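In: generate coordinates for the sequence data below:
(chains A and B)
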Amino acid sequence: MRRAVLAPLRLLAHLVPTVFGLLLATFLISRVVPIDPVLAVVGDRASAEVYQRVRTELGLDRPLWVQFYRYVAEVARGDFGRSALTHEKVTEDIARFLPATIELATAATLIGVLLGVPLGVLAAARRGGLGDHLVRVLGLVGYSVPVFWLGLMALLLFYAKLGWVAGPGRVDIFYEDTLRPVTGLLLVDSALAGNWAIFSSALAHLLLPASVLGYFSLAYVSRMTRSLMLDQLGQEYIVTARAKGLSETRVLWRHALGNALVPLVTVIALSYAALLEGSVLTETVFAWPGIGAYLTNSLLNVDMNAVLGATLVIGLIFITLNLLSDLLYRLLDPRVR
Amino acid sequence: MSVAQDWRTWLTSERPGSRRQARLGEAYRLLRAFLGHRLAVLGLLLIGLLAIAAIVAPLVAPFPPAAQDLAHRLEPPGAVHWLGTDEFGRDILSRLLFGARITLGIVALVTVIAAPVGLLVGCTAGYLGGFADAALMRFTDVFLALPRLVLALAFVAALGAGIENAVLAIALVAWPPYARIARAESLSLRSSDFVAAARLMGASAARIVLRHIMPLCLASLIVRVSLDMAGVVLIAAGLGFLGLGAQPPSPEWGAMIAAGRSTMLDQWWVAAMPGVAIALVSLAFNLVGDGLRDVLDPKQR
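Out: Sure thing, here's the model as predicted:
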C-alpha cells in the first residue's frame, strides 16, 4: 500500500529536476546567443536612451535568476514568445506543425513494430539461421547509415525513378488547406470527412518518409526483440512448456514472447522517442511540415524563440515518453511493482 | 623451439614473473581474442586505411579539393574522376579524402573532450558517494533524459554555426553516458580491499580516484566510447547537412550531401558518394565497437 503511493512520488521526484534542467538549458542557451536581444528590437540606430528603456522593458537589467524565474513563469503560462520568422506565437506554430510529426513518427513506429517484432522472434528461434543474419545486417546498417541520406536516396529511387510513391510534402498541393483540421492528423481528418481522395493522396505522401524512419525503428526493435527472446528462451519454464508437449509455435509466440512483451514496451516507447529526434533530419529532406522542419528552419534563420520553443516541446515529449515507458513497465510487470 | 614460440610461451605463462610480463600477457590475450573477430578486424582495417588516407590526402588525392574546373562540371564517375565531379567541377574523390580529415578529427576531438569529463564525473561520484554522488548523478540524469541531437542543434544555433561549435555541442551531449558507466564501475570498486589499503596508507581521495579507480573503469568506458563513435560521425554529418557544422567550401561529408541535393535528380553521384563514405566509416566504428565489447566486456553481450 505504501509503495503504491511512493512509486508515483518517486517518478515525480525524477520528473521535476529533469524538466527544471531542460528549462535551465533552454534559458542558458537563449542567454549565450551572440545576438543582442535589445538590438534585435530597437535596431542598431537607436539612441542610448531608447536602448536602455527597451533593456529595462525586456527585464534584461535584472539579475539572471530573476530572468530565469520570469522565463519559467512565461513557459508555464504557455507563452514562448513570437517567432521572428512567421510573426505568429511560437505555441500556435508548434500546435500547427506537431500533428504532422506525430503522424509520421506513429506510422514509422507501426512499421517498425509490425515487422521488427516477428523478425526478432524468428531470429531468436533459429540462432545462426537466415533470419538471425538478416536482423544483424539490418541492425548494423541501421546504426551506420545517415537517416537524411537514406531519405534522399529513397526519394531518388522510389519517387523520381520508379514513381511508386508521391514526392515531398504531406499531400498533393491542390488539396492543401482544403480540410478543416480536427485532429491535425491528415489521415484521420480525411477519413472522418469521408474525403478518400485526400486520404489516398496523404497516404501516398506518408509512405516513403514513414518507411525510411520505420526502417531505423525496425533495425532497433528487431535487434532488441531478438535479445529479449533469447533471454526468455534460456529460462526453465520454456523447458517445462516443451516437456508438456506444447507446440513450438505456442512456446515461441505465446510463452516466450508473452514474457518478452513487458520489456519490449519500453523498447517501443524509446524507439518512438528516437524517431521524434530522427524526424528533425528526415522532415527537411521530405519537406514534411512538422516540428522538425520548423526547428531546422528556425535554426537557419536564428529565430531563437522558435528554436527554444521547439526544443522545449520535443524535450518534454521525450521526457514524457521515457517516463511513460518506465510507468508501463511497472504496471505490466508485477515483480517490479 | 623457434623464437616466436618462445615469446608465446613467455606471454601466455600461467605464472608471470614480473608485473610487465603479466600486463603484456593480458594484452596479448586480448589482442588474440580481438583478432578472432573477423568483422571487427575488418572495421579496424577500414578505419586505419581511412586514417592513413586522411593524413596523406595531399599526396594521394588526384586533384586539390577546392580546385574548380567549370568545363567539367557534374561529370559522372569515370576514368579521370573516379567518383565524378560536383557542381563546380571539383573532384569528389579528392574532396572525400580531405573530408576524412574533418570527420576523423571531429570524432577524435569529441572523444578527447567527452570521455575524460565523463570518467572524472562518474568516478568522483561513485567513489565519494553520498551528497556528491546524488548531486552529480542528478545532473547527469537530466542530460541523459534530453534528446541529444535536438540539444546539440540548439547549442550550435546559440553558439553560431561552425565546426568548432559543432564539436563542442556534440561533446556536451556525449559525456553523460560515460559518467553513468564510470560511476557504476566505481561503486563496485570503492569498498574493495585494495582501495581500503590505499586509504590506510594515507592516499588522498584525489589520488585514489585518479590512480586506482579510474584505470579500472577504462575497459567498460572504451567499449562505450568506441560504440558511440559511429553516432558522433552521424551527428556531425547531420549538423553539416543542416548547414550548422562545417561551412561550404569545406569538404565536410554532410555538407557535401546538402550541396548535391539540388542536382540530385540527374547527377545522383554528387549526393550519393559522401553518404556511402559516412555509412562506411560509421559501419567500421560499429564493427570495432562490437568486437571490443565482446573482448573487454563479455557481460554486456
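In: how much space between residue A:276 and residue B:87?
Out: 34 Å (C-beta to C-beta, to the nearest Å). C-betas here are computed from N, CA, C, even on glycine.
In: those two: who's more crowded?
Out: A count of neighbours by other C-beta atoms under 10 Å in any protein chain shown puts residue A:276 above the other of residue A:276 and residue B:87, at 27 against 15.
In: quick one: the helix or strand where residue A:317 lies near chain B?
Out: When elements are assigned from DSSP states H and E, residue A:317 belongs to helix A:304-332. Yes: using C-beta under 8 Å from any C-beta of the partner chain, helix A:304-332 reaches chain B at A:304, A:307, A:308, A:310, A:311, A:314, A:315, A:318, A:319, A:322.
In: low-confidence ranges in the chain?
Out: Let's take chain A. Residue ranges of chain A with pLDDT under 70: A:1-8, A:32-44, A:336-337.
In: right idea, wrong chain: chain B
Out: For chain B, the stretches with pLDDT under 70 are B:1-2, B:298-301.
In: give the contact list for residue 278.
Out: No chain in the question, so chain A it is. By C-beta atoms under 8 Å, 6 or more residues apart in numbering or on different chains, the contact set of residue A:278 is A:147, A:213, A:216.
In: actually chain B
Out: With C-beta under 8 Å, 6+ apart, residue B:278 has these contacts: A:145, A:146, A:149, B:103, B:233, B:234, B:237, B:253, B:254.
In: the fourth one: neighbouring residues, count only.
Out: Residue B:103 has 26 neighbouring residues, counting by other C-beta under 10 Å.
In: list the helices and strands the longest helix that chain B contains packs on?
Out: Longest helix in chain B, counting residues (DSSP state H): helix B:92-128. Contacts defined by 3 or more C-beta pairs under 8 Å, 6 or more residues apart in numbering or on different chains; DSSP states H and E place helix B:92-128 against helix B:38-55, helix B:57-60, helix B:130-144, helix B:163-190, helix B:214-241, helix B:253-260, helix B:268-296.
In: hmm, back to that, compare the contacts of residue B:278 and tell me which is most surrounded.
Out: Neighbour max across the contacts of residue B:278 (other C-beta under 10 Å) = residue B:237, 34 neighbours.
In: I figured residue B:10 was touching residue B:21, is that so?
Out: Yes: in this structure, residue B:10 is within contact of residue B:21 by C-beta atoms under 8 Å, at 6.8 Å.
In: please enumerate the strands of the stretch 201-337 of chain A.
Out: Assigned by DSSP state E, counting those that start in this stretch, the stretch 201-337 of chain A shows no strands.
In: what residues does it have near chain B?
Out: Checking the stretch 201-337 of chain A against chain B by C-beta under 8 Å from any C-beta, the hits are A:273, A:276-277, A:280-281, A:284, A:295-296, A:299-300, A:302, A:304, A:307-308, A:310-311, A:314-315, A:318-319, A:322.
In: how about 7 Å then?
Out: Residues of the stretch 201-337 of chain A lying near chain B by C-beta under 7 Å from any C-beta of the partner chain: A:277, A:280-281, A:284, A:295-296, A:299-300, A:302, A:307-308, A:311, A:314-315, A:318-319, A:322.
In: in the stretch 1-150 of chain B, which residue sits closest to chain A?
Out: residue B:142 (3.2 Å; C-beta to the nearest C-beta).
In: can you get me a residue count around the residue nearest to that residue when sequence neighbours are not counted?
Out: Setting aside the residues directly before and after it, residue B:142 is nearest to residue A:21 in space (C-beta to C-beta, 6 or more residues apart in numbering or on different chains), at 3.2 Å. For residue A:21, the count of nearby residues is 19 (other C-beta under 10 Å).
In: ok and the host helix or strand of residue A:21 relative to helix A:304-332, angle-wise?
Out: Following DSSP H and E, one finds residue A:21 within helix A:2-32. Orientation of helix A:2-32 against helix A:304-332 (axes from the mean of the first three to the mean of the last three C-alpha atoms, to 10 degrees) gives an angle of 160 degrees.
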